[in-house]
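In: mind looking at a prediction? Sequence and model below.
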Amino acid sequence: MTIETTSPTPGTRNSRRPSRSAIARRIARNAWGVSWLGDGVEPSRPAPTEVLYTEDHATVARVAPHSGQTGNPVLLVTPLAVPVSCWDLRPGQSLAAHLAGVDARTSVDAGRPTYTIDYGQITFADRGMGFEDWVGDILPTAVLRISAEHGGAPVHLVGWSHGGTMSLLLGAHAPDLPIASISTLGTPTDYRLNPTYAGMRLISSLVGPAPLVAPAQMMGGIPAPLTQRMYRWMSPMREVTKPWTLASNLGRTEVLARIGANDRFVASMPGYPGRFINQSFTLLVARSELAAGVVHLREDFVVRMERLRAPLLLIGSAHDTLANAASVEAGVRAYPSAKVRFHGVSGFSHLGLIASPRAAVETWPEIHRHLAEHDSR
């Protein structure tokens, strides 16, 4: 076979290089898009979905249901106070589309049946909801409904942040559920190993957890606007330097599109229920019950982690302030009945573990490997 190539004529300009006027137009267009009057540099393009069922605080949808997919189904377990769009920020930053096999930028095969779960808005009326509502009702229902949709096949769980915590608790609380495997990203097991929580633990050791949880209890939780502000100011330098970041990247549409997708994600954050926040600080941070192996969600709802048998993949980043690698890796020693593998990475933020361009080459392949290893079909 002969391959013909054509070399550019010496002395001629590369026709693929944009002209100065084209660059100027792009900068002007992007400047308008990121201004207060603009609507961004890229429209939202979520992957197609089809709702499987809707119940109170649970809308389960299949991603790209009409594409050819193989393997066991996977449920992406969303954390609380996070929109379901965390799994589908934009093309190239969509773990949902990647697993379903419909992201032209990152998908490497036909994909597998992929589902998301959306809890909807959390209001003052939901202040009494805690981990047990998800571990004892919402998530088991989702697993059983998805499994039934696929002839009783076991379901893989992939959870980010507290979504991973709920997945681990679910696997221990109901070890007989049809769960094929569990993968977590940015999910701490031992909060004592993360300096971010040292101050909270010190306060709790001196006066108890009341000062930490009382404000949220009085408000019935953390309302959506406060959740959004808290998330933004977890990275204060990023917020302070954001105007300069935008201005210095007006000619780089891809960079601005990533920033815009992150802004849409934060603006959609719902709130936390009061009981859930209380449990998070008291049981997980102050008492380290997950690492200790017994989590007392209620007097009549005690989860013993030794009952967790599903194969586990734990992914953590050394630069994740909310769930540093050491606190995630502690799970290797905390779940004695499960086969556990830890994969550490560097340079990833909390959200970046699941939705950054680098995730497509550093964390998503590990999930692929884990799912394939524990497929039953």
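Out: Structure's in. What do you need?

In: this structure: strands as residue ranges?
Out: 49-55, 58-63, 74-77, 114-118, 155-160, 179-185, 221-222, 272-273, 294-298, 301-304, 312-317, 340-345 (DSSP state E).

In: which residues of the protein score low on pLDDT?
Out: 1-15, 107-108, 235, 377 (pLDDT under 70).

In: OK, contacts around the residue nearest the centre of it?
Out: Centroid-nearest residue in the chain, with Cα atoms, centre = their mean: W160, separated by 3.9 Å. Neighbouring residues of W160 by Cβ atoms under 8 Å, 6 or more residues apart in numbering: L76, V77, T78, P79, V82, C86, T184, L185, G186, T187, L353, I354. C-betas here are computed from N, CA, C, even on glycine.

In: which among the residues you listed count as buried?
Out: Among the contacts of W160, the ones that count as buried by 16 or more other Cβ atoms under 10 Å are L76, V77, T78, P79, V82, C86, T184, L185, G186, T187, L353, I354.

In: ok, the third one to A64 distance?
Out: In this view, T78 and A64 are 18 Å apart by Cβ to Cβ, to the nearest Å.

In: A214 now?
Out: Per Cβ to Cβ, A214 is found 45 Å from A64.

In: and those two? Which one has more around it.
Out: Taking other Cβ atoms under 10 Å, A214 and A64 do not tie; A64 has more neighbours (22 against 11).

In: phi and psi next, for the more buried one.
Out: phi 50, psi 60 (degrees, to the nearest 10).

In: re earlier: can the buried ones among the contacts of W160 go into JSON lines with extra columns for distance to G347?
Out: Formatted as JSON lines, these follow (distance: Cβ to Cβ, whole Å):
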{"residue": "L76", "distance to G347": "23"}
{"residue": "V77", "distance to G347": "25"}
{"residue": "T78", "distance to G347": "24"}
{"residue": "P79", "distance to G347": "22"}
{"residue": "V82", "distance to G347": "22"}
{"residue": "C86", "distance to G347": "19"}
{"residue": "T184", "distance to G347": "19"}
{"residue": "L185", "distance to G347": "14"}
{"residue": "G186", "distance to G347": "13"}
{"residue": "T187", "distance to G347": "19"}
{"residue": "L353", "distance to G347": "10"}
{"residue": "I354", "distance to G347": "14"}
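
In: for A100, state which of those residues is nearest.
Out: The closest of the buried ones among the contacts of W160 to A100 turns out to be L76 (Cβ to Cβ; 10.2 Å).

In: mind checking the end-to-end distance for stretch 233-253?
Out: End-to-end distance for stretch 233-253, by Cα to Cα, to the nearest Å: 25 Å.

In: just the buried positions in that stretch, please.
Out: Neighbour counts over stretch 233-253 (16+ other Cβ under 10 Å) mark L246, N249, L250, T253 as buried.

In: could you do stretch 343-353 as well?
Out: Judged by neighbour count (16+ other Cβ under 10 Å), stretch 343-353 contains these buried residues: H343, V345, F348, S349, H350, L351, G352, L353.

In: what do you get for stretch 358-365?
Out: Within stretch 358-365, the residues scored as buried using 16+ other Cβ under 10 Å are A359, A360, E362, T363, W364.

In: cool, stretch 90-108 as well?
Out: For stretch 90-108, the buried set under the neighbour-count rule, 16+ other Cβ under 10 Å, comprises 90-103, 106-107.

In: F342 - how many residues pack around it?
Out: 15.

In: show me the beta-bridge partners of it.
Out: Bridge pairing for F342 (DSSP bridges) gives the partners L314.

In: that one reaches A326, doesn't it?
Out: No. Using Cβ atoms under 8 Å, F342 is not in contact with A326; the gap is 10.3 Å.

In: find the residues that touch each one of those two.
Out: Taking Cβ under 8 Å, 6+ apart as the criterion, F342 and A326 both touch G316.

In: tally of neighbours for E149?
Out: Per other Cβ under 10 Å, the neighbour tally for E149 reads 17.

In: which residues touch it?
Out: Residues near E149 by Cβ under 8 Å, 6+ apart: L52, P73, P113.

In: show me what contacts S167?
Out: Applying Cβ under 8 Å, 6+ apart, we find S167 in contact with V77, L139, L157, V158, G159, I182, T184, T187.

In: nearest to S280 among those residues?
Out: Closest approach between the contacts of S167 and S280, by Cβ to Cβ: T187, at 12.3 Å.

In: any idea how far the residue nearest to S204 when sequence neighbours are not counted is from G208?
Out: Nearest non-adjacent residue to S204, counting by Cβ to Cβ, 6 or more residues apart in numbering: A286, 3.9 Å away. Going from A286 to G208 by Cβ to Cβ gives 8 Å.

In: got it, and P43?
Out: According to Cβ to Cβ, P43 stands 49 Å off from G208.

In: which one of those two has more residues nearby?
Out: Per other Cβ under 10 Å, whichever of P43 and G208 has more neighbours is G208, with 12 against 9.

In: got the phi/psi numbers for that one?
Out: Torsion angles, degrees, to the nearest 10, at G208: phi 90, psi 170.

In: for it, list the residues it contacts.
Out: G208 sits next to no residue when contact means Cβ under 8 Å, 6+ apart.

In: rerun at 10 Å
Out: Taking Cβ atoms under 10 Å, 6 or more residues apart in numbering, we find G208 in contact with T282, A286.
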